[in-house]
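Peer 1: pasting the structure only:
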């Protein structure tokens, strides 16, 4: 079945730098799945972005296939939402260069990731400087109207908006100027061990992260070790009780309910463990079925690329013509 992209276009990207975790599911995957009903969504695995730092080629390939399989297991319907691997569509890199011709150095150099890694010293790849322009190309390539963004991606979306607006003003109407879609309240899941920071794929210890494929005993241990405090009251207070607040938010996001005992951290952690396991068990089971046939998953990725490629090619042709390049 071929997807026809005619409604509001929404693009959600996933960087294959590690195993997808609970925060990815609640903050990105579930909104993506819900949006299938009302938007023409594209799920993109942005493997080129994973190459801005040192990486293991075999691990990168494995992460890409694993992420695609998890998306399917979690409920992404490829008949409605193409799952696309960025590097399999060459128009991404072509539009990247064309947009670099209207971007300026200062715009890229002030992006927070480049500033932080440059300040830390050592070798910094040129691709880390220019990848925000590639991200803009990812968005603009598909006439994207909506981009789900968290606080850490606001700069990148603003750059895409700036480049689209500048290009349109200089060369004529070419790009859709995208708008940011903010995650729902409670969708920002923090690290269990360090609740001041967002749960991430590439944290060093991984102690506060729950992977979507983690078995029940790993989930139980991670929640049991979750940071709390000495207040002894189960309540939302992000400033004074960030760990407890995070657990309450996870419980609400997973099970849609409040803690069973407002005075017991142990009961809260049991509730959270049960809610997470109820959410992840069906995903693990479906993943195991899909992972047994990787050729089928690769076929779905190929179909996704075929679905979106005409839009990508049309955008590049339009951009080349606007810039004065020969057809």
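Peer 2: Looks like it arrived, so ask away. Since this is a predicted model, take the numbers as computed values, not measurements.
Peer 1: which SSE is residue 195 in?
Peer 2: Under DSSP states H and E, no helix or strand contains residue 195.
Peer 1: helix, strand or coil for residue 10?
Peer 2: Secondary structure assignment for residue 10 (DSSP: H, G, I helix; E, B strand; the rest coil): strand.
Peer 1: Under a three-state scheme, what state does residue 13 occupy?
Peer 2: Taking three-state DSSP as the rule, one finds residue 13 in the strand state.
Peer 1: Tell me the buried residues in the helix or strand hosting residue 132?
Peer 2: Assessed by DSSP H and E, residue 132 sits inside helix 126-140. By 16 or more other Cβ atoms under 10 Å, the buried positions in helix 126-140 come out as 128-140. C-betas here are computed from N, CA, C, even on glycine.
Peer 1: same deal with stretch 275-286?
Peer 2: 275-277, 279-280, 283-284, 286.
Peer 1: between the residues you listed, which is nearest residue 101?
Peer 2: Using Cβ to Cβ, residue 283 comes nearest to residue 101 of the buried residues of stretch 275-286, at 42.9 Å.
Peer 1: Do I have it right that that closest one meets residue 72?
Peer 2: No. With contact defined as Cβ atoms under 8 Å, residue 283 does not count as touching residue 72 (9.9 Å).
Peer 1: can you count the residues close to residue 193?
Peer 2: Residue crowding around residue 193 was assessed by other Cβ atoms under 10 Å; the count is 18.
Peer 1: Three-state assignment for it, please.
Peer 2: Taking three-state DSSP, the label given to residue 193 is coil.
Peer 1: can you give me the strands in the chain?
Peer 2: Secondary structure of the chain, counting by DSSP state E: strands at 9-14, 40-45, 83-85, 146-148, 179-181.
Peer 1: For residue 24, which of those is the nearest?
Peer 2: Distance to residue 24, taken as Cβ to Cβ, is lowest for strand 9-14 among the strands of the chain, at 7.1 Å.
Peer 1: got the buried residues for that closest one?
Peer 2: Across strand 9-14, burial judged by 16+ other Cβ under 10 Å covers 9-14.
Peer 1: Ok, stretch 259-276 next?
Peer 2: Within stretch 259-276, the residues that count as buried by 16+ other Cβ under 10 Å are 259, 265, 268-276.
Peer 1: In JSON lines: those residues, plus pLDDT and distance to residue 313.
Peer 2: Shown next, in JSON lines, are the buried residues of stretch 259-276 (pLDDT from 0 to 100; distance: Cβ to Cβ, whole Å):
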{"residue": "259", "pLDDT": "92", "distance to residue 313": "52"}
{"residue": "265", "pLDDT": "96", "distance to residue 313": "55"}
{"residue": "268", "pLDDT": "96", "distance to residue 313": "52"}
{"residue": "269", "pLDDT": "97", "distance to residue 313": "52"}
{"residue": "270", "pLDDT": "96", "distance to residue 313": "53"}
{"residue": "271", "pLDDT": "96", "distance to residue 313": "50"}
{"residue": "272", "pLDDT": "96", "distance to residue 313": "47"}
{"residue": "273", "pLDDT": "97", "distance to residue 313": "48"}
{"residue": "274", "pLDDT": "96", "distance to residue 313": "49"}
{"residue": "275", "pLDDT": "96", "distance to residue 313": "45"}
{"residue": "276", "pLDDT": "97", "distance to residue 313": "42"}
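Peer 1: how does the protein divide up, domain by domain?
Peer 2: Per automatic domain parsing, the structural domains of the chain span 9-186+293-323, 216-288.
Peer 1: export those to CSV and tack on distance to residue 199?
Peer 2: Shown next, in CSV, are the domains of the chain (distance: least, Cβ to Cβ, whole Å):
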stretch, distance to residue 199
domain 9-186+293-323, 4
domain 216-288, 9
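Peer 1: Out of these, which gets nearest to residue 193?
Peer 2: Across the domains of the chain, closest to residue 193 is domain 216-288 (Cβ to Cβ), at 5.9 Å.
Peer 1: what about that closest one, how long is it end to end?
Peer 2: Using Cα to Cα, to the nearest Å, one end of domain 216-288 lies 15 Å from the other.
Peer 1: Which residue comes closest to residue 190 once chain neighbours are left out?
Peer 2: Leaving aside its chain neighbours, residue 190 sits nearest to residue 246 (4.4 Å; criterion: Cβ to Cβ, 6 or more residues apart in numbering).
Peer 1: Also residue 254?
Peer 2: Of all residues not flanking residue 254 in the chain, residue 275 sits nearest, at 3.8 Å (Cβ to Cβ, 6+ apart).
Peer 1: before we move on, what about residue 196?
Peer 2: Of all residues not flanking residue 196 in the chain, residue 242 sits nearest, at 6.1 Å (Cβ to Cβ, 6+ apart).
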